[in-house]
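Trainee: fold the following for me, if possible:
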Amino acid sequence: MTANAEILSYTESKQTQWRSWLIVAALVYLLLAAVGAIGDGFKTATGGNARELFAFATNPVIALIVGVVATALIQSSSTVTSIIVGMVAGGLPLGIAIPLAMGANIGTSLTSTIVSLGHVRNGEEFRRAFSAATVHDSFNLLAVGILLPLELLFHPLEIASQAVAALLVGDANLSMKDVNFMKVLLSPANDVLAGAVSWLPTLWSGVALIVIGIAAIVFSVTTIGKVLRRVMVGRAKEIMHSAVGRGPLSGMLSGGIITVAVQSSSTTTALIVPLAGTGVFTLRQVYPFTLGANLGTTVTALLAATAISGPTAVLALQIALIHLSFNILAILIIYGLPWLRPLPIVIAEGLADLAQRNRLFVLAYILGVFFVIPLLALAVIELF
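Mentor: Down below sits the predicted model:
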């Protein structure tokens, strides 16, 4: 290749990267506008009485199940938590939003379990890959099992996040909402969306805004992930190889950085599972890496919360902070306590042994944990 050709190739590569980042910026703007649309839609559709709309879901178990199944179907906890932020801004009670967000943590771990099936023909590789995938499931299930009852009894996450959110948002935001930067920035998009459904009756215009908002969030988060993966995955693999093997803290940090970079914990864990299957990383190295992915995925909800202004700004930021603090506290308790730390590994290795003996167990596990058991529990709760 001549010097001129190399320069031309380098220039084209740089231009492609700039276009990709401009697309990402536009998609982030769409994401923020979509979150605002969901909040406005709930307020419009319910006349400001969204709490009454969710009165039927007083059982937090129902909210948890909805969070698990919705995230397993959409395959993006970032999408689901962004939707939750918009719903809270529209009046969804925190008592329902918190289990929804916890359920999203469980549902998102399905991707890595499916990825492990790529090694199903090689017994030992499949055992390593399946254990690397299900250590994520095991940790998230254990975290919810410990922290949801504590939250229902003592509300530590809600209380702490309320104090932090009030400090970050401040009274100035509430009293100076007319000059709020994000409100001014998003106003053109909000006006366009509201105008598009203004011809509908009040109730249906609110419902239409909710549907448009959810569709826009799914589209923007999915497309952001695709664009960022194209730009960042090569670098992500470099980070993984250089950092994962250095120790737990380095593994968590690399998992968090990569997840923020590609905006998808599903992508992050899907990257590590094949490497674990082929023996590049051990299960004990993969374990902290997936915990970092849990932390990294909370950034999207925090970003989405910036789209909310006015009296509901504190609540929107609060649920985003709850999602972050839930993951931090789970790591401190489960990974921080020596007698709890190995439990997800023990569970994952046990599941992998069963999967290696009988491949039908894998199908039963995926359908049972993420769909059948949650939906059966929902049916039982509704009956009684």
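
Trainee: quick one: which helix or strand includes Ile319?
Mentor: In this structure, Ile319 sits in helix 313-330 according to DSSP states H and E.

Trainee: tell me the mean pLDDT over that helix?
Mentor: Averaging pLDDT along helix 313-330 yields 93.

Trainee: what's downstream of that helix, the next helix or strand?
Mentor: In the C-terminal direction, the helix or strand that comes right after helix 313-330 (DSSP H and E) is helix 343-357.

Trainee: correct me, but Ile366 touches Ser112?
Mentor: No: the pair Ile366 / Ser112 is not scored as a contact, 11.3 Å apart, by CB atoms under 8 Å. Backbone N, C-alpha and C define where each C-beta goes, glycine included.

Trainee: more neighbours: which of the two?
Mentor: It is Ser112, of Ile366 and Ser112, that has more neighbours when counted by other CB atoms under 10 Å, with 30 against 17.

Trainee: dump the residue contacts of that one.
Mentor: With contact taken as CB atoms under 8 Å, 6 or more residues apart in numbering, Ser112 is in contact with 132-133, 136, 266, 269-270, 272-273, 290.

Trainee: cool, and Arg284?
Mentor: By CB under 8 Å, 6+ apart, the contact set of Arg284 is Ile345.

Trainee: what about it, distance to Ser20?
Mentor: 35 Å (CB to CB, to the nearest Å).

Trainee: ditto for Gly123
Mentor: The gap separating Gly123 from Ser20 is 40 Å, by CB to CB.

Trainee: show me which of those two is the more surrounded one.
Mentor: Of the pair Gly123 and Ser20, Ser20 is the one with more neighbours under other CB under 10 Å, namely 15 against 11.

Trainee: my guess is the more buried one contacts Lys226. True?
Mentor: No: applying CB under 8 Å, one finds Ser20 not in contact with Lys226, separated by 10.1 Å.

Trainee: ok so, going back, need the CA coordinates for the helix holding Ile319. CSV is fine.
Mentor: This file holds the C-alpha atoms of helix 313-330, laid out as CSV (Å, rounded to 0.1, in the frame of the first residue of the first chain):
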residue,chain,number,x,y,z
ALA,A,313,-37.0,15.3,38.7
VAL,A,314,-36.1,14.1,42.1
LEU,A,315,-38.2,11.0,41.8
ALA,A,316,-36.8,10.2,38.3
LEU,A,317,-33.2,10.6,39.6
GLN,A,318,-34.1,8.6,42.7
ILE,A,319,-35.1,5.4,40.9
ALA,A,320,-31.9,5.7,38.7
LEU,A,321,-29.8,6.0,41.9
ILE,A,322,-31.7,3.1,43.5
HIS,A,323,-30.7,0.9,40.5
LEU,A,324,-27.1,2.0,41.0
SER,A,325,-27.0,1.6,44.8
PHE,A,326,-28.8,-1.8,44.5
ASN,A,327,-25.9,-3.1,42.4
ILE,A,328,-23.2,-1.5,44.6
LEU,A,329,-24.8,-2.8,47.8
ALA,A,330,-25.2,-6.3,46.3
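
Trainee: enumerate the positions of it that are buried.
Mentor: Of all the residues in helix 313-330, those buried under the rule 16 or more other CB atoms under 10 Å are 313-327, 329-330.

Trainee: helices or strands next to that helix in the packing?
Mentor: Helix 313-330 sits against helix 77-89, helix 94-107, helix 123-154, helix 156-175, helix 283-296, helix 298-305, with contacts defined as 3 or more CB pairs under 8 Å, 6 or more residues apart in numbering; DSSP states H and E.

Trainee: got the angle between that helix and helix 123-154?
Mentor: For helix 313-330 and helix 123-154, the angle between their directions (axes from the mean of the first three to the mean of the last three CA atoms, to 10 degrees) works out to 130 degrees.
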